[in-house]
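Enquirer: Pasted the sequence and its predicted model underneath.
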Number of protein chains: 2
Amino acid sequence: MTTVQNQSWRSIRSEVVRRIADRDWLPGQLIPGEVELAREFGCARTTVNRALRELASAGLLDRRRKAGTRVSLNPVLKATLDIPVTRLEVEQRGAVYDHHLLERVVAVPPQQVAGRLGLTTTSRMLHLRALHLADDKPFLYEDRWVNLAMVPQILDVDFGLISANEWLVRNIPLTTGDITFSAANASPDEADILRTTKGAGIFIVDRTTWAGPEPITSVHLAYAPGFQMRTTI
Amino acid sequence: MTTVQNQSWRSIRSEVVRRIADRDWLPGQLIPGEVELAREFGCARTTVNRALRELASAGLLDRRRKAGTRVSLNPVLKATLDIPVTRLEVEQRGAVYDHHLLERVVAVPPQQVAGRLGLTTTSRMLHLRALHLADDKPFLYEDRWVNLAMVPQILDVDFGLISANEWLVRNIPLTTGDITFSAANASPDEADILRTTKGAGIFIVDRTTWAGPEPITSVHLAYAPGFQMRTTI
DNA sequence: TAGTGGTCTAGACCACCCT
DNA sequence: GGGTGGTCTAGACCACTAC
């Protein structure tokens, strides 16, 4: 047994990754316990625990009390998407950001939107439609409903100065929600707004947001053709 | 000052999240140091550190030595996508999985593919085209190139038994890479294979995979219309 | 019920970097 | 220079669960 001294938890993590990559430890195989690894690496069990815990949360290891730690059989690929405010998304692409408010009206939302938000009542909500521009070209068409019962102060916001997107992020911290990504064909309206042709394949994001148990907003985003969302694994 | 005893790091995390949500601590604001919080919560500094570290990695806090810990000004929304093997993706939707190999040939890849993989040579690669089915309906069309210099043993695989996707995950552990999500209009070929109409909006995933410094595979995935990718924040 | 990982402690030293 | 977070230690108790 090789004993390596003065290893930080990162080194231990690397070594474990190496053993998996080199197939010293095969998928599904039980690896030594924390105590034994601590002996081998010449460090405290806490340090080994830190390394293995990180790898487990990354999906590379499966850990269970009493059962021990195994190399994952089906290492689920985890892609982390950073979804910034639209303004930053545009600026990160090296373009100049601008946005236009297309519609701002208080109305009763369609059944579909109310359902997504878990609202059975027919209470009135704020309906916003906006176009986000990158270098004066259409980038993203946003169709949003905001729950006025939760965010009444949004009625006073000047959306010429700040987008609803950005205002909500700044004023309603710590929201949870779900996101759906899909593809669609541009409707005539969407094609007109995004200055493309009807039927063009467009990238769609639907997001519903909650602050604790209370629904805040539901938004439908249609990106202009050519849009790509990138990430690294 | 309220002192709470016997708090686990999860409780501390919750309390910090509450203070941010309730705006006791405003975005950009410096929060108390670990030592002071440990005093307040009646626990060891290590425990506070664990809680704050997790929140920092979630993007909710910004931490710097000497500068202290601040509430993030622009909490970037982080969506984590779990990308399982296609077979599991289908089965998780409650459908029966099947797949057909459409083409399997060794050839020189087009310039675009070689470029993505960082290969300037015109070395031959394995070209695979396959259709993944859910309940006998087209689910995903896969167009893949595999670097034979790195994975020669893939020539012996019977892709009637296991998809290339699954074989690679099982036999080349620990890959890195990049993923691009986009929308497109189905080409005549794609429409034919996916049994849809030409021009239908389809969800596209392009993934290039590396094992350390060596390129392994580049794959183009076209999902059947109606496909949605979901996640929770 | 025994073995494994999960967590907490009290203390220590160090790296970083703002002032 | 000094204050902050980053990490490590040695030990302890506990929760879970396979056996």
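Expert: Nice, I can see it. Numbering: from 1, shown residues only, chains lettered A, B, ... in the order given.
Enquirer: Check which residues of the helix or strand of chain A at the bottom of the mean pLDDT ranking are buried.
Expert: Sorted by mean pLDDT, DSSP states H and E, the helices and strands of chain A end with strand A:77-83, the least confident at a mean of 81. Under the neighbour-count criterion of 16 or more other Cβ atoms under 10 Å in any protein chain shown, strand A:77-83 has A:77, A:79, A:81, A:83 buried. For every residue, glycine as well, the C-beta is placed using N, CA and C.
Enquirer: Tell me which residue lies nearest the centroid of chain A.
Expert: Residue closest to the mean C-alpha point of chain A, counted by Cα atoms, centre = their mean, is A:Leu81 at 4.9 Å.
Enquirer: Do I have it right that that residue meets A:Met229?
Expert: Yes. Using Cβ atoms under 8 Å, A:Leu81 makes contact with A:Met229 at a distance of 6.7 Å.
Enquirer: Can you tell me the SS state at the closest residue to DNA strand C within chain A?
Expert: Across chain A, no residue is closer to DNA strand C than A:Lys66, which sits at 2.8 Å (Cβ to the nearest atom of the strand). Going by DSSP: H, G, I helix; E, B strand; the rest coil, the secondary structure assigned to A:Lys66 is coil.
Enquirer: give the contact list for it.
Expert: By Cβ atoms under 8 Å, 6 or more residues apart in numbering or on different chains, the contact set of A:Lys66 is empty.
Enquirer: ok, so what distance separates it from DNA strand D?
Expert: 4 Å (Cβ to the nearest atom of the strand, to the nearest Å).
Enquirer: so where's chain A shaky on pLDDT?
Expert: Within chain A, the segments meeting pLDDT under 70 span A:1-7.
Enquirer: A:Tyr97 touches A:Asp136, doesn't it?
Expert: No. With contacts counted by Cβ under 8 Å, A:Tyr97 stays clear of A:Asp136, the gap being 10.2 Å.
Enquirer: Neighbour count: these two, which is higher?
Expert: Ranked by neighbour count (other Cβ atoms under 10 Å in any protein chain shown), A:Tyr97 and A:Asp136 place A:Tyr97 first, with 18 against 9.
Enquirer: Beta-bridge partners for that one, please?
Expert: Note on A:Tyr97: beta-bridge partners by DSSP bridges are A:Ala134.
Enquirer: ok, the residue in chain A that DNA strand D sits nearest to - contacts?
Expert: Nearest residue of chain A to DNA strand D, counting by Cβ to the nearest atom of the strand: A:Ser8, 2.5 Å away. A:Ser8 makes contact with A:Thr47 under the criterion Cβ under 8 Å, 6+ apart.
Enquirer: switch the cut-off to 10 Å
Expert: Taking Cβ atoms under 10 Å, 6 or more residues apart in numbering or on different chains, we find A:Ser8 in contact with A:14, A:43, A:47, A:50-51.
Enquirer: Quick check: of the residues you listed, which has the highest neighbour count?
Expert: That'd be A:Ala51 among the contacts of A:Ser8, by other Cβ under 10 Å, with 25 neighbours.
Enquirer: A:His100: what secondary structure?
Expert: Assignment for A:His100 (three-state DSSP): strand.
Enquirer: Leaving aside the residues adjacent along the chain, what's closest to it?
Expert: A:Leu131 (4.9 Å; Cβ to Cβ, 6 or more residues apart in numbering or on different chains).
Enquirer: The one you found and A:Asp189 touch, don't they?
Expert: No. Between A:Leu131 and A:Asp189 there is no contact under Cβ atoms under 10 Å: 11.8 Å.
Enquirer: picking up where we left off before, tell me the helices and strands packed up against the least confident helix or strand of chain A.
Expert: Counting by 3 or more Cβ pairs under 10 Å, 6 or more residues apart in numbering or on different chains; DSSP states H and E, the packing neighbours recorded for strand A:77-83 are helix A:86-92, strand A:176-185, strand A:228-232, strand B:77-83, strand B:176-185, strand B:201-211.
Enquirer: please redo it, this time with the cut-off set to 8 Å
Expert: When contacts are defined as 3 or more Cβ pairs under 8 Å, 6 or more residues apart in numbering or on different chains; DSSP states H and E, strand A:77-83 sits against strand A:228-232, strand B:77-83.
Enquirer: For chain A, which segments count as helices?
Expert: Applying DSSP state H to chain A gives helices spanning A:9-21, A:34-41, A:45-57, A:86-92, A:111-116, A:164-171, A:188-193.
Enquirer: sorry, back to before: neighbouring strands - and their directions - for the least confident helix or strand of chain A?
Expert: strand B:77-83 (antiparallel).
Enquirer: With just CA atoms, put the strand it pairs with into PDB.
Expert: The C-alpha trace of strand B:77-83 is given here as PDB (Å, rounded to 0.1, in the frame of the first residue of the first chain):
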ATOM      1  CA  LEU B  77     -30.100  31.300 -11.800                       C
ATOM      2  CA  LYS B  78     -28.500  27.900 -11.900                       C
ATOM      3  CA  ALA B  79     -30.500  25.100 -13.500                       C
ATOM      4  CA  THR B  80     -29.000  21.700 -13.200                       C
ATOM      5  CA  LEU B  81     -30.000  19.400 -16.100                       C
ATOM      6  CA  ASP B  82     -29.600  15.700 -15.400                       C
ATOM      7  CA  ILE B  83     -28.900  14.100 -18.800                       C
END
